[in-house]
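Participant: Please work out how this folds:
(chains A and B)
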Amino acid sequence: MRKWFVHDSDGREIYLTEEQWEHIKIRHRELRNHLDEVLNTVRRGKRRQQPQDPQAFVYRLRCVTLRPPFSGIQDGLV
Amino acid sequence: MSPCARRLAAFKTAWYEYDRDGDVLEIIFQPDEATGAVELTESIILRFAWETSEPLSLSIISFSRLLQANPYGEVHFQLLTDEWPDEARDKIWKMLQMAPLAEFLKLSGYAPAHEHQIIPMATIRQPDLMPQAA
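Facilitator: Below you'll find the predicted structure:
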């Protein structure tokens, strides 16, 4: 199964599986043409650690290519 | 991810999809493209249609940990109202107070000692959620 690997701003390696991307394309259709921006959100986005799970983070980044008034991408990752 | 459906009030249906590896539960109300999204709490993201103020989905991160038992009863999560865009705040409050969101999240307020401000909170309505993820 295909995977995309990226590193966040602290050098953590994060991957997105093809299954997860297929889910995003179906269930988050507004992002189906924004794979690069989704990966870039992990690379360059602000990170919030989950209080109930220190291994899980939400990354956020402003995205100007989404349809207005949408203005950002949020990735929840473990 | 294994989807399953649940009948809601007003003849609507929600679909659950639980990612066991990521421990993320998605509750999908409508399959439309979102034009807005906001972090309701640190662990709950709402996607919605801006024009109609219709909620499209909830994503609950670290889902199984949020449901873990604690000695004090229900856990209340702080709503991140200060981080919501000003132009979206009214829309979000209205959505939270109505079905289908109100079937999954219960609003409450926390009054800290020696404070005058009430902090808005939300509880996940656990019995309504997918048993296979708990």
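
Participant: Please report the number of neighbouring residues for the residue nearest to residue B:53 when sequence neighbours are not counted.
Facilitator: Distance criterion CB to CB, 6 or more residues apart in numbering or on different chains; nearest residue to residue B:53, sequence neighbours excluded, is residue B:91 at 4.5 Å. C-beta coordinates here come from the backbone N, C-alpha and C atoms, glycine included. Residue B:91: 20 surrounding residues under other CB atoms under 10 Å in any protein chain shown.

Participant: Only the buried residues of the strand or helix carrying residue B:91, if you could.
Facilitator: Using DSSP states H and E, residue B:91 falls within helix B:86-97. Buried positions in helix B:86-97, judged by neighbour count with 16 or more other CB atoms under 10 Å in any protein chain shown: B:88, B:91, B:92, B:95, B:96.

Participant: What strands line up against the helix or strand hosting residue B:17, and which way round?
Facilitator: Assigning secondary structure by DSSP H and E places residue B:17 in strand B:13-19. If you go by DSSP bridges, strand B:13-19 pairs up with strand B:2-7 (antiparallel), strand B:24-28 (antiparallel).

Participant: Can you give the distance from it to the centre of its chain?
Facilitator: In terms of CA atoms, centre = their mean, to the nearest Å, the centre of strand B:13-19 is found 13 Å from the chain centre.

Participant: got the buried residues for that strand?
Facilitator: Quick answer for strand B:13-19 (16+ other CB under 10 Å): B:14, B:15, B:16, B:17, B:18, B:19.

Participant: same check, this time on stretch B:74-89
Facilitator: For stretch B:74-89, by 16+ other CB under 10 Å, it's B:76, B:77, B:79, B:84, B:88.

Participant: List the contacts of it.
Facilitator: A:69, B:36, B:38-44, B:50, B:66, B:92, B:107-108, B:110, B:119-124 (CB atoms under 8 Å, 6 or more residues apart in numbering or on different chains).

Participant: List buried residues within the residues you listed.
Facilitator: Counted by 16+ other CB under 10 Å, these give B:36, B:38-44, B:50, B:66, B:92, B:120-122, B:124 as buried.

Participant: Now intersect the residues you listed with the helices, please.
Facilitator: When DSSP state H is applied, the buried ones among the contacts of stretch B:74-89 are split such that B:66, B:92 fall in helices.

Participant: any idea which of the buried ones among the contacts of stretch B:74-89 is closest to residue A:42?
Facilitator: Nearest to residue A:42 out of the buried ones among the contacts of stretch B:74-89 is residue B:39 (CB to CB; 16.3 Å).
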